[in-house]
Every structure is written in structure tokens, then in C-alpha cells.
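A.B. asks: sequence? don't have it. structure:
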């Protein structure tokens, strides 16, 4: 869902290149079709366009590749439409840019992921993943990821499903970091990566765990 | 200060091996002397024992290698004794272990480092560093660090002084991550490393920034 931006399109392309079929979802099917047309130019044929309605109706694993500012609204719109036992994956980071300066948005629940969790029925499982990887890196599919990503969520089965799928993307090592509360660390790490990008004039900072 | 534990002794040994003279400070000079005797067995001769009083009186760069639970007390005891323009480096992480389970301690100032900053006079500069590296890794000097560490603090000169000194330790890349508020990210990253250690049955998780 919201797969028409650089992050969603990059994720869909990388899934497709790894042989994993997926839908790019958008509120407007035409925007999804445009995104898929671009993905096809990367030689990927197993990614298809869908409306967000159709994604909610048909998919057991849904990545929310929407901006932080829109995520709650999207979750609210589909909360009763997601499949029972669907796994919804939050990729958002609670950053607001004020005059180009990133400000961390403190969430009453502790993290953006926990904020979304609180808006979903208990039958839908929420996991968080891909929070610390820059959208610009994910979107440039010619760049090897060469990093680790962290998956958290209160359902071990949901975490395993996310790791199983994303783990098939080359160059990406997925680490299970436990319950959803770990999203507090992941969202703050992204703020750190943004700060490193700014200070070192790069756009590519991401993380690898050493010693594992 | 507090250099007699594995973290402080490891840091002092690594500084000594890099040719940087330093004192190991303790409230009790005999404990400092015992630590230095152990450091000498690693072939390091330029590290000396001192009382914490002497460290505060003589040193322009002071590493606080004390447990989180004792850090505020140590800062309070020496706040008026540190040299004017001294750089005090906070290594602590606000974790409390309850039945072996790490719990993050929320600090009213936002982080443990900011908590200590608030207790020091304005003439003393506080930086945070080495927060995300496990004490057990720092302490085993035969293990190459092979990772990045993050330095933050509100004084750019203080950050530069810390980076200049720690940057001489082989295998350690120091990154300047800006103002002291970044300690909020660093302390949460350490919680994540502890979680990774627990889940993957290791004790060595630390971080490297990719793309830099």
C-alpha cells in the first residue's frame, strides 16, 4: 500500500527481482499502474497493480510504504478490511522536517509502530521492518543493500513471515529483534542515520551489526 | 574514573596500546593500582593509577566508566572539582536488569547523558561516546573492535577532542553525530544490541554504518 513512492516502488522491484510476486497498491489504481510500468522497465514482470481495497482484501502480508504523516489515516481506512490474521508491516519513521531540519515526533504510545498497532483490531498482526534503511537506497535497485534490517512485532509468527519474505532480497540480512517495543530503538536509529547523512553529506547511511 | 571494571580497564588498555597515556581512576587508589597491574600484563606501561580526586584535578579529558546507577553520584561528587573546560565523557546506558531482563530507564531529561549534563556546571563540557559497544568487547583487548562508535555533545570542540583521542584506537571508526540529544538514539541502540545478544546467544553485537 502506498507503493507508488520511491520506497514502495523500490521494495516492490526488489521483491520482484527476488522472484516474489506482489501488488503495488494505491488509492488510485492508475497511480499503481504507472508505478508498475516503471518497475517493468527493470525487467520485473511479476509485480502487479492493485487498488488499496484489493490489497486489503487479498493479501496476507501488507507493507505500509506510506509517509509517516499519512500512515494512521491509511490504517484507519482499512482496519476493518484487512484479512483476519493479515500481517501489516509498518515502514514509517516519526520524523517531521522543519526548515530542512529533522525533528523526532514523540508518540504517546512510545513509537509510530505502537501508535499504528493501537489502531488495528487484535486479529490483524503488526510488525515493523525496513525502518532504518533510507528510501533512496531501497529505491535505487542497482545499489546492493549490503546491510542489516531489524524486524520486530509482538507475534513471533508475524516476524517470521516478514523475515522469510524480505530475507530473499539479496544483500539484506534480517534480524529478529523481538516485541514491537523495539521499534522505539529502530525509529531513533533512523534519526541518527539522518543526522549522519547530513553531517557527512551522504544519503546512504544504514546499519550492519558486527559480531553476529 | 571508575576505570577498574572491565569497561574502564579495557578502554585504558586500548588507549595504552595506542600510545596514549592515561590514568585509571578509582575512589580507592589501591583498586586503581590493582587494575593497572592487570593492564601491565598486557605489556602496557604508560597507564598509571590515580585517585578520582587526582583525575579530576589533573585531567582535561575524563571518561566516566562507571555503572549507570552510580554515574550521577560520581558527577555530583566531582562537579566542582573538574578542571575548567574539562571534557567529561559519559559511557553509561540507562538499563536496569530485572530478573535478567533489560529494562530501559526513561530519563526526564531524555537520556542518561542529558541527565548528567544537567548536573554539571556550564564550564565543564559533556560528551557521550562508546555507549553502543559492549563492555565485554571493549574489555577483551585481543578482540579487534571492527566497528563504529558515535560521539555526541553540544560542544563541537569537545566532540573533536574525544574523536581525536579514541580515533587512535585500531579498528574503531568514530562518527560525529552532533548535539547531545543524539544520545537518546545511542542509548536505545544499546538496548537493541542487548536484545540481539539475547536472541542470538552472543555477547558481541555492535554496529557499523554502511554507505559512509
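C.D. replies: Cool, got the structure. This is a predicted model, so every value here is computed, not measured.
A.B. asks: name the helices or strands packed onto the helix ranked longest in chain A?
C.D. replies: Longest helix of chain A, by residue count under DSSP state H: helix A:183-200. Under the contact definition 3 or more CB pairs under 8 Å, 6 or more residues apart in numbering or on different chains; DSSP states H and E, helix A:183-200 sits against strand A:95-98, strand A:101-104, helix A:112-117, strand A:147-153, strand A:206-210, strand B:172-176, helix B:183-200. C-beta coordinates here come from the backbone N, C-alpha and C atoms, glycine included.
A.B. asks: please redo it, this time with the cut-off set to 7 Å
C.D. replies: Contact here means 3 or more CB pairs under 7 Å, 6 or more residues apart in numbering or on different chains; DSSP states H and E; on that basis helix A:183-200 packs against strand A:101-104, helix A:112-117, strand A:147-153, helix B:183-200.
A.B. asks: may I see the buried residues of it?
C.D. replies: For helix A:183-200, the neighbour count (16 or more other CB atoms under 10 Å in any protein chain shown) marks A:183-198, A:200 as buried.
A.B. asks: what distance separates it from the centre of its chain?
C.D. replies: 16 Å (CA atoms, centre = their mean, to the nearest Å).
A.B. asks: next, the angle from it to strand B:147-153.
C.D. replies: Computed with axes from the mean of the first three to the mean of the last three CA atoms, to 10 degrees, the direction of helix A:183-200 lies at 80 degrees from that of strand B:147-153.
A.B. asks: now the angle from helix A:183-200 to strand A:206-210?
C.D. replies: Per the same axes, to 10 degrees, the angle that helix A:183-200 makes with strand A:206-210 is 110 degrees.
A.B. asks: how close does the spatially most central residue of chain A get to residue A:82?
C.D. replies: For chain A, the residue nearest the mean C-alpha position is residue A:91 (3.0 Å; CA atoms, centre = their mean). Distance of residue A:91 to residue A:82, given as CB to CB, to the nearest Å: 16 Å.
A.B. asks: ok, back up a step: now for the helices and strands packed on helix A:183-200, which one comes closest to residue B:38?
C.D. replies: helix B:183-200 (24.9 Å; CB to CB).
A.B. asks: what's stretch A:80-100 in contact with?
C.D. replies: Residues outside stretch A:80-100 that contact it (CB atoms under 7 Å, 6 or more residues apart in numbering or on different chains) are A:7, A:56-57, A:59-66, A:68, A:71, A:102-105, A:107, A:112-113, A:116, A:120, A:123-131, A:158, A:161-162, A:187, A:190-191, A:194.
A.B. asks: check whether the residue nearest to residue A:123 when sequence neighbours are not counted sits in a helix, strand or coil.
C.D. replies: Excluding its sequence neighbours, the residue lying closest to residue A:123 (CB to CB, 6 or more residues apart in numbering or on different chains) is residue A:84, at 4.8 Å. Assigned with DSSP: H, G, I helix; E, B strand; the rest coil, residue A:84 falls in the coil class.
A.B. asks: what do you get for residue A:72?
C.D. replies: helix.
A.B. asks: do I have it right that it meets residue A:117?
C.D. replies: No: applying CB atoms under 7 Å as the test, residue A:72 and residue A:117 come out as separate, 11.2 Å apart.
A.B. asks: tell me which of these two has more neighbours.
C.D. replies: Comparing residue A:72 with residue A:117 by other CB atoms under 10 Å in any protein chain shown, the one with more neighbours is residue A:117, at 23 against 16.
A.B. asks: pull up the per-residue confidence for that one.
C.D. replies: On the pLDDT scale, residue A:117 is placed at 98.
A.B. asks: ok, residue A:100 next?
C.D. replies: The score at residue A:100 is 80. That number is its pLDDT.
A.B. asks: in chain A, where is pLDDT below threshold?
C.D. replies: For chain A, no stretch has pLDDT under 70.
A.B. asks: flag every residue of it that's near chain B.
C.D. replies: For chain A, the residues in contact with chain B (CB under 7 Å from any CB of the partner chain) are A:137, A:146-147, A:175-178, A:182, A:184-185, A:188-189, A:191-192, A:195-196, A:199-200, A:202, A:204-212.
A.B. asks: buried residues, stretch A:67-82. List them.
C.D. replies: Neighbour counts over stretch A:67-82 (16+ other CB under 10 Å) mark A:68, A:71-72, A:74-75, A:78, A:82 as buried.
A.B. asks: now for those residues, which pair is the farthest apart?
C.D. replies: A:68 and A:82 (19.6 Å).
A.B. asks: my guess is residue A:155 contacts residue A:125. True?
C.D. replies: Yes: in this structure, residue A:155 is within contact of residue A:125 by CB under 7 Å, at 4.4 Å.
A.B. asks: what strand or helix carries residue A:178?
C.D. replies: Counting by DSSP states H and E, no helix or strand carries residue A:178.
A.B. asks: for it, give its distance to residue A:112.
C.D. replies: 17 Å.
A.B. asks: which of these two has more neighbours?
C.D. replies: Using other CB under 10 Å, the more surrounded residue of residue A:178 and residue A:112 is residue A:112, with 25 against 19.
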